[in-house]
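Asks: Please find the sequence and the predicted model below.
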Amino acid sequence: MIEIKGLKAKLGSFVLEIENLKIEKGEYFVVLGPSGVGKTVLIDVIGGIIVPQKGKILIDGKDVTKLPPEKRGIAIVPQDYALFPHMSAYDNIAYGLRIRGLSEDLIKDKVLGLAKIFEIERILSKKPSSLSGGERQRVALARALIVNPKAILLDEPLASLDPRLRMKARSFIKGLHKDLKFTAIHVTHNIADAAALSRRIGYMEEGKLIFIGTFEKFVRSRYAVPYINEIKEIINKIR
């Protein structure tokens with residue numbers, strides 16, 4: 001479980017203020033909002049990249065507000081995936097286990113097991129530069145999940161994919177979450193991502209979460225007005 005209480009983080013003239021947010025264990029929570037409202041800042045604060053001026057961040061009841069990223073037990077997947085370019089897909093996935101000192105035999109078992117789930121066995125020897133956007137995304141997700149984090153933070157993970165791959169990636173992530181039941185916070189400006197992946201969403205404007213609730217409640221709220229055309233499209237596809 002992730003809890004945020006009375007949080008305030010200031011970066012220059014921008015201020016992030018989150019009064020109260022609770023993400024349940026195993027929940028896939030999407031934060032929706034246009035560019036520039038603080039979604040990435042929220043990810044960076046929870047992940048420990050940015051230290052807030054006030055407030056608390058609790059993970060499984062433990063106050064991690066002042067802890068560095070590596071002490072929080074959280075994995076971050078940035079928008080550009082941040083794969084090590086000189087390493088193969090296998091070594092990128094194995095990296096977190098190697099720095100924890102696991103044996104190579106155990107690392108191999110874990111990497112190959114996760115690669116099978118992610119359907120990326122055939123690309124394990126390749127470097128990131130030779131992978132497609134969808135393949136890089138899966139490698140980044142596998143690298144994040146292999147260390148069994150308490151939560152995974154995803155910053156616009158589908159943004160670089162074309163519409164066809166984006167739809168395919170949504171289905172893959174949804175199925176993966178159903179099987180592995182990891183806790184996730186996914187930020188996006190794309191309402192179709194929110195509709196496909198999350199039962200409950202938060203909506204941000206000007207550094208504040210101004211709505212938290214089910215997607216069904218969101219589409220009936222005034223905050224959904226800018227997305228009305230996309231919502232109609234989503235509804236038509238469901239019918």
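Replies: Great, that's in hand.
Asks: Do a quick rundown of the strands in this structure.
Replies: 2-11, 14-23, 28-32, 54-59, 62-63, 74-77, 151-155, 184-188, 200-205, 208-214 (DSSP state E).
Asks: residues in contact with the shortest one?
Replies: Applying CB atoms under 8 Å, 6 or more residues apart in numbering, the set of residues contacting strand 62-63 from outside is 56, 57. All C-beta atoms are positioned from the backbone trio N, CA, C, and that covers glycine.
Asks: any idea of the mean pLDDT for it?
Replies: Averaging pLDDT along strand 62-63 gives 95.
Asks: of the strands of the chain, which approaches residue 143 most closely?
Replies: Ranking the strands of the chain by proximity to residue 143 (CB to CB) places strand 74-77 first, at 8.0 Å.
Asks: re the thing from before, looking at the strands of the chain, which is nearest to residue 230?
Replies: Once the strands of the chain are compared by CB to CB, strand 28-32 is nearest, at 11.0 Å.
Asks: circling back: of all the strands of the chain, which one comes closest to residue 109?
Replies: strand 74-77 (19.7 Å).
Asks: Note down every partner strand of that closest one and its orientation.
Replies: Here strand 74-77 has these sheet partners by DSSP bridges: strand 151-155 (parallel).
Asks: quick check, distance from the partner strand to the centre of its chain.
Replies: 3 Å (CA atoms, centre = their mean, to the nearest Å).
Asks: Not counting its own residues, what contacts it?
Replies: 2, 23, 39-40, 43, 46-47, 59, 73-79, 141, 144-145, 182-187.
Asks: same deal with stretch 196-212?
Replies: Here stretch 196-212 makes contact (CB under 8 Å, 6+ apart) with 14-19, 21, 27-34, 37-39, 41-42, 170-171, 173-174, 177, 186, 194, 213-215, 218, 221, 223.
Asks: Which of those are buried? Put it as a ChimeraX command.
Replies: Buried members of the contacts of stretch 196-212, defined by 16 or more other CB atoms under 10 Å, are picked up in ChimeraX with:
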select :16,17,18,21,27,28,29,30,31,32,33,37,38,39,41,42,170,173,177,186,194,215,218,223
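Asks: Which parts of this protein belong to which domain?
Replies: 1-73+152-228, 84-148 (automatic domain parsing).
Asks: about what we covered before: and the contacts of strand 151-155, which of them are buried?
Replies: The neighbour count (16+ other CB under 10 Å) marks 2, 23, 39-40, 43, 46-47, 59, 73-78, 141, 144-145, 182-187 as buried among these.
Asks: Quick check: the gap between the most centrally placed residue in the chain and residue 137.
Replies: Compute the mean C-alpha point of the chain, and by CA atoms, centre = their mean the closest residue is residue 154, 1.8 Å away. Here the criterion is CB to CB, to the nearest Å. By it, residue 154 lies 10 Å from residue 137.
Asks: ok, residue 8 - how many residues close by?
Replies: 15 (other CB atoms under 10 Å).
Asks: Isn't it up against residue 51?
Replies: No: contact between residue 8 and residue 51 fails when scored by CB atoms under 8 Å: they sit 11.3 Å apart.
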